[in-house]
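Q: Pasting the sequence and the predicted model now:
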Amino acid sequence: MARLDLNSIAGLVLAMGAIVVGQVLEGGRFGSLLQITAFVIVVGGTLGAVLVQSPVKIFVSGMKMGLWVFLPPLLLPQPLVRQIVDWSHISRREGLLALEPYAEAITDSLAKRGLQLLVDGSDPEKLREAIEVEMVAFEDLQRQAARVWEAAGGYAPTIGILGAVLGLIHVMENLSDPARLGSGIAVAFVATVYGVGLANLVFLPIANKLKAIIAQQAVMSEILVDGLVAIANGENPRIIETRLQGYIV
């Protein structure tokens, strides 16, 4: 079960709050930062660019993974190590077939597949190869999904500059009407703020957070693979536990 990541929430609130407070301390108004035209240009343009770059499956997966910033998956290596050691004890006492009920009950797809291969008596190296193929493919899909946010962080500042240019075009077209100059200038500068701000305070931090979570998941997968292969090789449970503990920092 995922737990709310208060660190991410605090970081976003602090980042946004610092900009608003800085604006007010400089004598500006908070309302000056709220420009719907600039928001539409930057967010819409960035979204469109990312959609062009990404296949639908990857884009949808990336959007879903964005929730991990606030509700990251619960990754607990110590319970996994203890579980693998328990499987090792059971296999030494009762044989590999005794692990079949555990293979049926477990919900994690990678662990279920690995345990089933173990119960079937697969060769240790063949077992490692089969699990690692699935593991690498899954990790690659996740990394592509995380790059959706990284791509958004790359496009947003440029789209912000585009919005600024559009705002200046509006200003130039209305030089004879001073009453309409203010809105054009506001869009020009606020679009740049939105582009740079969203990229560096939202999109890129989300991408990096997702990469860190994916790296943690990779460690969990390595623990699982190494543990199952060790059980297949009939290694001593204490040796297995000692080696697997080395993955945990």
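A: Alright, I've got the coordinates.
Q: Tell me the predicted confidence for the residue of the chain positioned farthest from its centre.
A: Centroid-distance maximum for the chain: residue 176 at 49.7 Å, with CA atoms, centre = their mean. Reading off the confidence values, residue 176 has pLDDT 70.
Q: what separates residue 89 from residue 135, distance-wise?
A: Residue 89 sits 25 Å away from residue 135, going by CB to CB, to the nearest Å. The way it works is simple: take the backbone N, C-alpha and C, and place the C-beta from them, glycine included.
Q: between these two, which one's more packed in?
A: More neighbours surround residue 135 than the other of residue 89 and residue 135, with 21 against 12 (other CB atoms under 10 Å).
Q: residues in contact with that one?
A: Residues in contact with residue 135 (CB atoms under 8 Å, 6 or more residues apart in numbering) are 110, 218, 221, 225.
Q: out of those, what pair is the most spread apart?
A: Within the contacts of residue 135, two members stand farthest from each other by CB to CB: 110 and 218, at 11.4 Å.
Q: show me where the chain has helices.
A: Counting by DSSP state H, residue ranges of the helices within the chain are 6-25, 36-53, 56-65, 77-94, 100-105, 109-119, 124-173, 181-198, 204-232, 237-245.
Q: Quickly, which of these bottoms out on average pLDDT?
A: Minimum mean pLDDT among the helices of the chain: helix 181-198, a mean of 80.
Q: what residue is smack in the middle of this structure?
A: Closest residue to the average C-alpha location of the chain: residue 210 at 2.1 Å, with CA atoms, centre = their mean.
Q: Assess the claim that that one and residue 147 are in contact.
A: No - between residue 210 and residue 147 there is no contact under CB atoms under 8 Å: 9.1 Å.
Q: confidence score at residue 236?
A: For residue 236, the model assigns a pLDDT of 91.
Q: Repeat that for residue 2.
A: With respect to pLDDT, residue 2 has a value of 58.
Q: separation between residue 83 and residue 127?
A: For residue 83 relative to residue 127 (CB to CB), the value is 17 Å.
Q: Pull the number of nearby residues for residue 7.
A: If you count neighbours by other CB under 10 Å, residue 7 ends up with 12.
Q: same deal with the one 4 residues further on?
A: Neighbour count of residue 11, defined by other CB under 10 Å: 15.
Q: same question, residue 119
A: Neighbour count for residue 119, taken as other CB under 10 Å: 19.
Q: quick revisit: need the helices of the chain in CSV (columns: distance to residue 71).
A: Below are these laid out as CSV (distance: least, CB to CB, whole Å):
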stretch, distance to residue 71
helix 6-25, 9
helix 36-53, 22
helix 56-65, 11
helix 77-94, 19
helix 100-105, 25
helix 109-119, 20
helix 124-173, 16
helix 181-198, 21
helix 204-232, 11
helix 237-245, 27
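Q: Quick check: residue 154 touching residue 199?
A: Yes - checked against CB under 8 Å, the pair residue 154 and residue 199 is within contact range at 7.4 Å.
Q: Which of these two has more residues huddled nearby?
A: Taking neighbours as other CB under 10 Å, residue 154 and residue 199 compare with residue 199 leading, 23 against 18.
Q: tell me the phi and psi of residue 27?
A: Main-chain dihedrals, residue 27, degrees, to the nearest 10: phi 90, psi 0.
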